[in-house]
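Enquirer: pasted the sequence and its predicted model underneath.
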Number of protein chains: 2
Amino acid sequence: MDAAIDLTDRSKALDLANIRAQLIRLEDTITFHLIERVQFPLNKTIYVAGGVPIPGSELSLMDYLLREQERLQSRVRRYESPDEHPFFPNVLEKPILEPLEYPSILHANTVNVNASIKQRYVDEIVPNVCSSVRADRGASKENYGSSATCDVNLLQALSRRIHFGKFVAESKFQENPEKFVQLIKARDEKGIDEAITNLKVEQKVLERIKMKAQTYGSDPALAEYSNKVDADAVVNLYKNIIIPLTKVVEVEYLLDRLKGTQWE
Amino acid sequence: MDAAIDLTDRSKALDLANIRAQLIRLEDTITFHLIERVQFPLNKTIYVAGGVPIPGSELSLMDYLLREQERLQSRVRRYESPDEHPFFPNVLEKPILEPLEYPSILHANTVNVNASIKQRYVDEIVPNVCSSVRADRGASKENYGSSATCDVNLLQALSRRIHFGKFVAESKFQENPEKFVQLIKARDEKGIDEAITNLKVEQKVLERIKMKAQTYGSDPALAEYSNKVDADAVVNLYKNIIIPLTKVVEVEYLLDRLKGTQWE
């Protein structure tokens, strides 16, 4: 099954089956990165500005690594791709690679909820997934860099997963423009939220996530290496953060959907 | 089970049970990264110097990203850790974080087989794991950056796994110094190789790897997302590359083990 969606191909990029495949694949990526992260203690210090002093910078260690990673990856055109959103847009550089041609699949690509993602990552996600597994250990300085490196991978995967809501929203809009035009014109955010919600699908996602966290988090050959990640914490991450923030992206995207169109 | 070994603790770092836990945990990491990489086609161009032109550099795209990643991570003291070995030692910068104190666990830490790892990665590993899964697709320019980013993660994990052989070798040396001193003095590389080899354990590792590749490479809830990575290709990677290169590290490490000691 092909999971790496081709965003240079307009017809595929808005096909709900392709979007679903990509979202399912990103569940694996997020689970893998969580399993990597929980090897290390919470290490709260790396999230505090000045907690780990960085010469010439007021950033936390995680923010420093995230910013520098984005600076580097912008050179190989990561942020040219419509499904990528920087946390530090100010440091992006001109890509050294030739630009790719992405068709304008989305109506607009301005919504960016990375600030919320990062805030909730630091305040809720890391404490929740790290606490139960690593309650036995205090902070470990020798893992600061490794922990922050995992954090960068996780934040990038979460951001991609959540902002994929734009493609979901565009696809749903195109399936039933009349309905959405009406809701959008009425600025009926609650109505839009209801129109994009499918509780049955959400329930299935949560069940799948639990199985993934249990399966990928357990060594299939060695019982003593099981439950590497707390499956319930991963389910709660989806239930309380990923799914709701994805809907925020969808609603915000749709609220702007009529600008410059025949429906405005 | 605690898998993140603490190399600042001398007694733990040479405990074979701890080393084993770390090696087993690295199997997961490598498998996860392989599953991420095979989402994308082989994209051979990213491994060729000048294949993707980089202004002011003769490096391949992968080498460029790897070098810049090492430059960045050296600042957060990645290469201070005795289990980390750079591919581009010339670009390392002085860490911006305070140094950690690692006790001198290893007798010497000079062996570096990264050149072999990279060569075999490009020539064998990527073609083998990508070919069967992605034979349906040609190169895709829009995945060049993503593919190379996965490559960097994989090379770093492989390098760590393989160079862990130094700790294995030191631990085995300390278990039976008389035997090894004799072999080392005789420069009996074949004898050393035999003394560090446990075919039964190797067979178990290969069986476990196959299960991991199958389990982690299959969505537990959706049959259509199974066999994301070719389990036999992963087994062959261990059998033909990881295990043999680990032994090269062990033998090279042991050949230098007597320098400056009472046995020299």
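Expert: On my side now, so go ahead. Numbers count the residues shown, from 1 in each chain, chains lettered A, B, ... in the order given.
Enquirer: when you work out contacts or count neighbours from here on, use the C-alpha atoms and nothing else.
Expert: Fine.
Enquirer: what mean pLDDT does the helix or strand harbouring residue A:24 get?
Expert: Element membership of residue A:24 [criterion: DSSP states H and E] is helix A:16-37. Predicted confidence along helix A:16-37 averages 93 (mean pLDDT).
Enquirer: what's in contact with it?
Expert: With contact meaning Cα atoms under 8 Å, 6 or more residues apart in numbering or on different chains, helix A:16-37 is reached by A:2-5, A:12-13, A:129-130, A:147, A:150-151, A:153-154, A:157-158, A:161, A:164, A:167-168, A:171, A:209, A:212-213, A:216-217, A:228-229, A:234, B:29, B:32, B:36.
Enquirer: per-residue confidence for residue A:5?
Expert: In this prediction residue A:5 is given a pLDDT of 67.
Enquirer: over to residue A:142?
Expert: pLDDT recorded at residue A:142 is 81.
Enquirer: quick check: closest non-adjacent residue to it.
Expert: residue B:100 (6.9 Å; Cα to Cα, 6 or more residues apart in numbering or on different chains).
Enquirer: cool, residue A:92 as well?
Expert: Of all residues not flanking residue A:92 in the chain, residue A:71 sits nearest, at 5.1 Å (Cα to Cα, 6+ apart).
Enquirer: repeat for residue A:153
Expert: Using Cα to Cα, 6+ apart, the nearest residue to residue A:153 is residue A:33, at 6.8 Å.
Enquirer: with residue A:184 instead?
Expert: residue A:255 (5.6 Å).
Enquirer: the one you found contacts residue A:187, doesn't it?
Expert: Yes - checked against Cα atoms under 8 Å, the pair residue A:255 and residue A:187 is within contact range at 7.0 Å.
Enquirer: who's more crowded, those two?
Expert: residue A:255 (20 against 13; other Cα atoms under 10 Å in any protein chain shown).
Enquirer: for that one, give me the backbone phi and psi.
Expert: phi -60, psi -30 (degrees, to the nearest 10).
Enquirer: contacting residues for it?
Expert: A:184, A:187, A:189.
Enquirer: run the last query once more with 10 Å
Expert: Residue A:255 sits next to A:180-181, A:183-189, A:192, A:249 when contact means Cα atoms under 10 Å, 6 or more residues apart in numbering or on different chains.
Enquirer: the stretch 151-264 of chain A against chain B: which residues are in contact?
Expert: By Cα under 10 Å from any Cα of the partner chain, the part of the stretch 151-264 of chain A that sits against chain B consists of A:204-205, A:207-222, A:224-228.
Enquirer: run the last query once more with 7 Å
Expert: With Cα under 7 Å from any Cα of the partner chain as the criterion, the stretch 151-264 of chain A meets chain B at residues A:208, A:211-212, A:216, A:219-221, A:224-225.
Enquirer: of all pairs in these, which one is the farthest apart?
Expert: Across those, the longest distance by Cα to Cα is 23.4 Å; it joins A:208 and A:224.
Enquirer: so if I had to pick from these two, which one is more boxed in?
Expert: Between residue A:208 and residue A:224, residue A:208 has the larger neighbour count (other Cα under 10 Å), namely 19 against 10.
Enquirer: these two touch, right, that one and residue B:221?
Expert: Yes - contact criterion Cα atoms under 7 Å: residue A:208 and residue B:221 qualify, at 5.8 Å.
Enquirer: give the residues shared as contacts by those two.
Expert: Both residue A:208 and residue B:221 lack any common contact, where contact means Cα atoms under 7 Å, 6 or more residues apart in numbering or on different chains.
Enquirer: quick one: mean pLDDT for stretch A:180-196?
Expert: The average pLDDT within stretch A:180-196 is 97.
Enquirer: off-centre distance for it?
Expert: Relative to its chain's centre, stretch A:180-196 lies at 24 Å (Cα atoms, centre = their mean, to the nearest Å).
Enquirer: then stretch A:152-160?
Expert: 5 Å.
Enquirer: which positions in it come out as buried?
Expert: A:152-160 (16 or more other Cα atoms under 10 Å in any protein chain shown).
Enquirer: Serialize the residues you listed to a markdown table and add fields for secondary structure and pLDDT.
Expert: Below are those laid out as a markdown table (DSSP: H, G, I helix; E, B strand; the rest coil; pLDDT from 0 to 100):
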| residue | secondary structure | pLDDT |
| --- | --- | --- |
| A:152 | helix | 98 |
| A:153 | helix | 97 |
| A:154 | helix | 98 |
| A:155 | helix | 98 |
| A:156 | helix | 98 |
| A:157 | helix | 98 |
| A:158 | helix | 98 |
| A:159 | helix | 98 |
| A:160 | helix | 97 |
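Enquirer: which of the residues you listed sits closest to residue B:78?
Expert: Among the buried residues of stretch A:152-160, and counting by Cα to Cα, the member closest to residue B:78 is residue A:152, at 15.1 Å.
Enquirer: now the closest one: how far from chain B?
Expert: For residue A:152, the distance to chain B equals 12 Å [Cα to the nearest Cα, to the nearest Å].
Enquirer: find the nearest non-adjacent residue to that residue, please.
Expert: residue A:66 (5.5 Å).
Enquirer: residue boundaries of the helices in the stretch 101-250 of chain A?
Expert: A:114-120, A:126-134, A:144-163, A:165-175, A:177-185, A:189-196, A:199-216, A:231-237, A:243-255 (DSSP state H, counting those that start in this stretch).
Enquirer: outside of the third one, which residues touch it?
Expert: Defining contact as Cα under 7 Å, 6+ apart, one finds that helix A:144-163 is touched by A:23, A:26, A:29-30, A:33, A:36-37, A:40, A:43, A:46, A:62, A:66, A:83-85, A:114, A:242, A:245-246, A:249, B:76, B:78.
Enquirer: mind redoing it with 8 Å?
Expert: A:23, A:26, A:29-30, A:33-34, A:36-37, A:40, A:43, A:46, A:61-62, A:65-66, A:83-85, A:112-114, A:117-118, A:121, A:242-243, A:245-246, A:249, B:73, B:76-78.
Enquirer: quick one: low-confidence parts of chain A?
Expert: In the predicted model, chain A carries pLDDT under 70 at residues A:1-5, A:132-138.
Enquirer: can you tell me the centre-most residue of it?
Expert: residue A:158 (1.9 Å; Cα atoms, centre = their mean).
Enquirer: now the residue nearest to residue A:142. Its backbone dihedrals?
Expert: Main-chain dihedrals, residue B:100, degrees, to the nearest 10: phi -100, psi 160.
Enquirer: what number of residues lie near it?
Expert: 12.
Enquirer: got it, and residue A:27?
Expert: Count around residue A:27 with other Cα under 10 Å applied: 22.
Enquirer: how about residue A:149?
Expert: Residues within reach of residue A:149, counting by other Cα under 10 Å, total 20.
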